[in-house]
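Trainee: A predicted structure for the sequence below; I have some questions about it.
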Amino acid sequence: MEFVSVDDFKEKACSLLPKGILDYYQSGAGDEFTLRLNESAFDKIRIRPRYLNDVSKRTTQTRVMGLDLDMPVAIAPTAMQKMAHPEGEVANARAAASAGVLFILSTITTSSIEEITEATPESDKWFQLYIFRDREITKKLIRRAEKCAFKAIVLTVDNTVFGIRRKDIRNNFSMPSNLKLANFVGDRATGIGNSNDGPGVMEYVKKEYDDSITWEDLKWIVKFTNLPIIVKGILTAEDAVIAVRCGCKGIIVSNHGARQLDGIPATIEALPEIVAAVGHKVTVMMDSGIRQGTDVFKALALGAKLVFIGRPAIWGLTVAGQQGVEDVLRIIKNEFETCMGLAGCSAVSDITKKHVVHESFYSKL
């Protein structure tokens, strides 16, 4: 099979993964309305190409939060990647390093912070963080990330209460017993795979994550570390403004891949109001729904400085490990660079809001 799109990798991955693991990776919350919307919302945005510009010397390179990246696409934090491939997060991180893009390591991983650093000592990495009921766990994770030269902490704020994922409930999904959460020891390493009361992941979150956190906890983390704090999971201008006041240096507009609350907006829909509110103060990025190069172009035109892919990397990882992720990144880069050229842009900085409109712009015709 020749793979020419992310969807090709998804189709093959779906044929390879066991049902429970496949449903865990690809499902969303509730009726999965927002899951579908994350992708379909891009269809309502039209690109307005400008012609007869010299695009003979195109570059996708960009600089984001002090990092020089080969393109404005990065790898989002995704849990338990050894369910997709034996090398898991290590293969994914190596693919990101090879492609010259940023990699975010999840807290809930099957490869540890230290393993990722050993595998990719020179690459750019951020660490995604949850706030645990036991604050000492949170502190130790931050210190380990600092020691391993991660460049930022990405605090996820939309997972203090676990979303209702019906497929996981029907499958009574738990992490396979041969795996463990590599950043922990004892029950915290294996408890996610042991539950008699429902999906292991859901029970783990209920037990370990603190659902009483407030903006004061963000302020505490900002003071606790010298690393820049990026808040992931913001969907409103109001929360974006508060996050900036609390000291964050970046915002990832995200709905957790539509895995938390159904009926909320697609991230591409929420992006413009957040850019308008705080884009002049901090770096605004986004994830959820990016599946091809034109999606990247549209997100950048609406103000995102960087976009993240989660599931597409998992599909590549499932199919061919590190090489599969590299191929997914290569496809998206080629699509993005081609879109740039056809839209009249030679550099990422050439992409502006004037290059896109909502479909309603043409309804008057």
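Mentor: That came through, no problem. Note that this is a predicted model, so its numbers are computed, not measured.
Trainee: now for the longest helix along the chain, which elements pack on it?
Mentor: With secondary structure taken from DSSP state H, the chain has its longest helix at helix 311-343. In this structure, helix 311-343 makes packing contacts with helix 6-16, helix 19-26, strand 73-75, helix 88-99, helix 293-301, judged by 3 or more CB pairs under 8 Å, 6 or more residues apart in numbering; DSSP states H and E. For every residue, glycine as well, the C-beta is placed using N, CA and C.
Trainee: helices or strands up against the shortest one?
Mentor: The elements that strand 73-75 packs onto, with contact taken as 3+ CB pairs under 8 Å, 6+ apart, are helix 88-99, strand 103-105, strand 307-309, helix 311-343.
Trainee: ok, Gly163 - contacts?
Mentor: By CB atoms under 8 Å, 6 or more residues apart in numbering, Gly163 lies in contact with 29-30, 256, 259-262.
Trainee: one more time with 6 Å
Mentor: Each residue near Gly163 by CB atoms under 6 Å, 6 or more residues apart in numbering is listed here: 29, 259-260.
Trainee: JSON lines for these, including secondary structure, pLDDT and neighbour count?
Mentor: Shown next, in JSON lines, are the contacts of Gly163 (DSSP: H, G, I helix; E, B strand; the rest coil; pLDDT from 0 to 100; neighbours: other CB atoms under 10 Å):
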{"residue": "Ala29", "secondary structure": "coil", "pLDDT": "97", "neighbour count": "24"}
{"residue": "Arg259", "secondary structure": "coil", "pLDDT": "96", "neighbour count": "24"}
{"residue": "Gln260", "secondary structure": "coil", "pLDDT": "95", "neighbour count": "23"}
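Trainee: from the residues you listed, pick the one nearest Asn226.
Mentor: Gln260 (30.0 Å; CB to CB).
Trainee: for the residue nearest to the closest one when sequence neighbours are not counted, give its distance to Arg245.
Mentor: Nearest residue to Gln260, sequence neighbours excluded (CB to CB, 6 or more residues apart in numbering): Gly163, at 3.8 Å. Separation of Gly163 from Arg245 (CB to CB, to the nearest Å) stands at 27 Å.
Trainee: the least confident helix or strand in the chain by mean pLDDT to helix 19-26, inter-axis angle?
Mentor: Ranked by mean pLDDT, DSSP states H and E, the helix or strand of the chain with the weakest confidence is helix 200-208, at a mean of 76. Note on geometry: by axes from the mean of the first three to the mean of the last three CA atoms, to 10 degrees, helix 200-208 and helix 19-26 are set 60 degrees apart in direction.
Trainee: starting at the chain centroid, how far to the helix or strand following helix 200-208?
Mentor: With elements assigned by DSSP states H and E, the helix or strand that comes after helix 200-208 is helix 215-224. Taking CA atoms, centre = their mean, to the nearest Å, one finds the center of helix 215-224 at 22 Å from the center of the full chain.
Trainee: per-residue pLDDT, the residue nearest the centre of the chain?
Mentor: Nearest to the mean C-alpha position of the chain, by CA atoms, centre = their mean, lies Ala76 at 2.8 Å. The model reports Ala76 with a pLDDT of 98.
Trainee: spell out the residue ranges of the helices in the stretch 151-300 of the chain.
Mentor: 166-171, 187-190, 200-208, 215-224, 237-245, 267-278, 293-301 (DSSP state H, counting those that start in this stretch).
Trainee: what is the neighbour count of the closest residue to Val55 other than its chain neighbours?
Mentor: Among residues not flanking Val55 along the chain, Gly341 sits closest, at 4.4 Å (CB to CB, 6+ apart). Counted with other CB atoms under 10 Å, residues neighbouring Gly341 total 15.
Trainee: got it, and Ser40?
Mentor: Quick note: Ser40 (other CB under 10 Å) scores 11 neighbours.
Trainee: pLDDT wise, what is Pro199 at?
Mentor: On the pLDDT scale, Pro199 gets 65.
Trainee: over to Met1?
Mentor: 58.
Trainee: let the chain start at 52 from now.
Mentor: Taking 52 as the first residue, the last one we looked at is Met52.
Trainee: tell me how far Gln80 lies from Leu86.
Mentor: Slight slip there: residue 80 is Ala, not Gln. Ala80 is 8 Å from Leu86, by CB to CB.
Trainee: oh, that last question was meant for Thr207, not what I typed.
Mentor: Distance of Thr207 to Leu86, given as CB to CB: 18 Å.
Trainee: next one: Leu156
Mentor: 24 Å.
Trainee: which one of these two has more residues nearby?
Mentor: A count of neighbours by other CB under 10 Å puts Leu156 above the other of Leu156 and Leu86, at 28 against 22.
Trainee: of the helices and strands packed on helix 362-394, which is nearest Val407?
Mentor: helix 344-352 (4.3 Å).
Trainee: what helices or strands is the closest one leaning on?
Mentor: Counting contacts by 3 or more CB pairs under 6 Å, 6 or more residues apart in numbering; DSSP states H and E, helix 344-352 packs against helix 362-394.
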